[in-house]
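Colleague: no FASTA, just this:
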Ligand SMILES: Nc1ncnc2c1ncn2[C@@H]1O[C@H](COP(=O)(O)OP(=O)(O)OP(=O)(O)O)[C@@H](O)[C@H]1O
């Protein structure tokens with residue numbers, strides 16, 4: 001389980017998160033929502049140990065270990081995988097190379113064949129370089145690359161950003177497939193429809209740098225007031 005208590009983080013003197021409490025259990029998908037600039041990416045980067053921002057208070061525990069100030073490679077070793085906003089695939093490497101460079105062996109874990117079975121399009125494009133892929137293919141590659149590290153906690157930062165509806169539908173199906181496996185998923189999304197269709201629970205960040213709403217995805221779906229007030233939909 002990922003357990004975040006009273007987390008604060010800052011860029012220089014600007015404190016963005018001011019006391020976040022949140023947990024994500026293995027086998028569930030938790031969506032992290034909020035309007036632009038509320039700190040969703042900052043929270044995910046704090047969990048993954050990617051700087052900036054700097055964690056200025058609180059604790060992050062993963063599977064019983066205090067990872068609050070652990071280096072990002074240590075968090076990866078403990079089973080955290082990040083699908084970063086903007087994908088960041090290696091543009092000069094092929095799909096195959098992007099995937100194998102990330103591989104981390106674990107018994108009964110993800111390997112190249114499994115990732116190709118999960119995203120057949122990646123196998124078709126295995127010899128293409130990152131820079132020649134479409135946005136959707138790059139997103140599949142970013143997810144596949146994170147899966148190659150055999151994560152038990154998958155942090156996904158806006159996987160639907162800039163993608164066509166047909167590709168978003170595929171990403172939705174794949175997240176649903178991951179659900180119920182031995183992976184915990186924390187999903188940052190702007191696309192409320194996608195978030196509600198895959199998430200078990202939802203946290204919404206408000207403009208105080210705190211959680212403004214949390215509950216079951218089905219509760220948020222029925223709560224027009226929260227949607228309008230906190231997400232401006
Ligand atoms: N590297 C940085 N240096 C200084 N301030 C930053 C940096 N990155 C983000 N911020 C600020 O931190 C705040 C939170 O940004 P963050 O990207 O975490 O929000 P977000 O909810 O993910 O937004 P979006 O939906 O637009 O991606 C914003 O005010 C942003 O301008």
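Modeller: Yes, it's here. If you're wondering where the values come from, they're calculated on a predicted model, not measured in any experiment.
Colleague: Report the buried residues of the lowest-mean-pLDDT helix or strand in the chain.
Modeller: Lowest by mean pLDDT, DSSP states H and E among the helices and strands of the chain is helix 72-77, with a mean of 90. For helix 72-77, the neighbour count (16 or more other Cβ atoms under 10 Å) marks 75, 76 as buried. Every C-beta, even on glycine, is put in place using the N, C-alpha and C of the backbone.
Colleague: can you give me how far it is from the chain middle?
Modeller: Computed by Cα atoms, centre = their mean, to the nearest Å, the chain-centroid distance of helix 72-77 equals 15 Å.
Colleague: I'd like to know which elements that helix is packed against.
Modeller: helix 40-48 (3 or more Cβ pairs under 8 Å, 6 or more residues apart in numbering; DSSP states H and E).
Colleague: Report the mean per-residue pLDDT for the helix it packs on.
Modeller: Taken as a whole, helix 40-48 has a mean pLDDT of 96.
Colleague: re the thing from before, which residues are in contact with the least confident helix or strand of the chain?
Modeller: 47, 48, 49, 50, 62, 67, 104, 149 (Cβ atoms under 8 Å, 6 or more residues apart in numbering).
Colleague: any idea how far the second one is from residue 230?
Modeller: Between residue 48 and residue 230 the distance, using Cβ to Cβ, to the nearest Å, works out to 24 Å.
Colleague: quick one, what contacts residue 96?
Modeller: Neighbours of residue 96 in contact, by Cβ under 8 Å, 6+ apart: 112, 126, 127.
Colleague: Can you report how many residues lie near the closest residue to residue 180 other than its chain neighbours?
Modeller: The shortest distance from residue 180 to any non-neighbouring residue, by Cβ to Cβ, 6 or more residues apart in numbering, is to residue 27 (5.7 Å). With neighbours defined by other Cβ atoms under 10 Å, the count for residue 27 comes to 14.
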